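# any chance you could fold what I've pasted below:
(one chain, ligands or ions: 1)
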Amino acid sequence: MATAPTSKSPLVAGRLALDFANISSAGDLSWDEFVTFLIDARLVSQDRASRLRPFLTTEPRAVDAVLLRALRLRECLRAVFACIVDKEPFPSSWAEPVNEILRITEGHDELVFLEGTWSLQFVAREGGLEWLLAAIARSAAELLVEGPAVPIRRCANPACRLFFYDDSRTHRRRWCSMSTCGNRHKVASFLRRHSVRRRS
Ligand SMILES: [Zn+2]
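As a prediction, this is how the structure comes out:
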């Protein structure tokens, strides 16, 4: 049975921490972008999100604090993942923003049945807004403990460069998404071949 495309998450990386590293490539991170990410990643329900959005005006300090932490986490993850892709070492202090969040968020694992498979999901105890980052930090930690061979890659499209987890059978996945960068590449090389043939 085909699933409705509208229910599909726009996230392409296959691991929460990689999707988080990918959001809002240019600089800042707004509360709206962050909450939308939480919905897309299924970390909060639409209902929950609609209660979170007004915090921007009712709890501006708490929002600022969590966004600052989120930005710090995103920047550290981008740096660490880039080193892993390039097979370069990185100082262990770069993982500190992950530990900071793990330290302040208590929670437990819960079995979740989704799209025909069971998975273990971290459920944070709610207190403050930091719990919103708990599952992301946890996912980052799980990637790091996979070791240097963890199949983190970047999209081969130089204008894209999104991170993704390559769990394809051949371990040769090149694109963040076949439907965007993959197809664009196919069309471009088709046109290139076509125009070369026409010129010769
Ligand atoms: Zn891409």
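
# from what I can see residue 94 touches residue 79, true?
Yes - at 6.0 Å, residue 94 counts as touching residue 79 under the criterion of CB atoms under 8 Å. Bear in mind the C-beta positions are built from the backbone N, C-alpha and C, glycine included.

# state the three-state secondary structure for residue 119.
Three-state assignment for residue 119 (DSSP: H, G, I helix; E, B strand; the rest coil): strand.

# bridged to it, which residues?
Beta-bridge pairing for residue 119 (DSSP bridges): residue 112.

# please begin residue numbering at 9 from this point
All set: I'll call the first residue 9, so the last point we hit is now residue 127.

# my guess is it contacts residue 120. True?
Yes - with contact defined as CB under 8 Å, residue 127 reaches residue 120; the gap is 5.6 Å.

# pull out the buried residues from the lengthiest helix in the chain.
Longest helix in the chain by number of residues (criterion: DSSP state H): helix 68-93. Counting neighbours by 16 or more other CB atoms under 10 Å, one finds that the buried residues in helix 68-93 are 71, 74-75, 77-79, 81-82, 84-85, 88-92.

# and what of stretch 24-33?
Buried, per 16+ other CB under 10 Å, within stretch 24-33: 24, 25, 26, 27, 28, 29, 30, 31.

# ok, stretch 176-194 near the ion or not?
Yes - part of stretch 176-194 sits close enough to the ion to count as contact by CB under 5 Å from the ion, namely 184, 189.

# contacts for that stretch, please.
Stretch 176-194 is contacted by residues 20, 21, 30, 159, 161, 163, 164, 165, 168, 170, 172, 174 when judged by CB atoms under 8 Å, 6 or more residues apart in numbering.

# for the chain, what lies in contact range of the ion?
Near the ion, when you scan the chain using CB under 5 Å from the ion, you find 163, 165, 168, 170, 184, 189.

# closest to residue 111 among those residues?
Within the residues of the chain next to the ion, the smallest distance to residue 111 is 29.0 Å, found for residue 170 (CB to CB).

# so the closest one makes contact with residue 19?
No - in this structure residue 170 lies outside contact range of residue 19 using CB under 8 Å: 10.0 Å.

# overlap of the contact sets of those two?
Residues touching both residue 170 and residue 19 by CB under 8 Å, 6+ apart: residue 30.

# nearest residue to residue 81 other than its sequence neighbours?
Among residues not flanking residue 81 along the chain, residue 105 sits closest, at 4.9 Å (CB to CB, 6 or more residues apart in numbering).

# show me what counts as buried in whatever helix or strand that neighbour lives in.
Residue 105 belongs to helix 104-112 when assigned by DSSP states H and E. For helix 104-112, burial by neighbour count (16+ other CB under 10 Å) applies to 105, 106, 108, 109, 110, 112.
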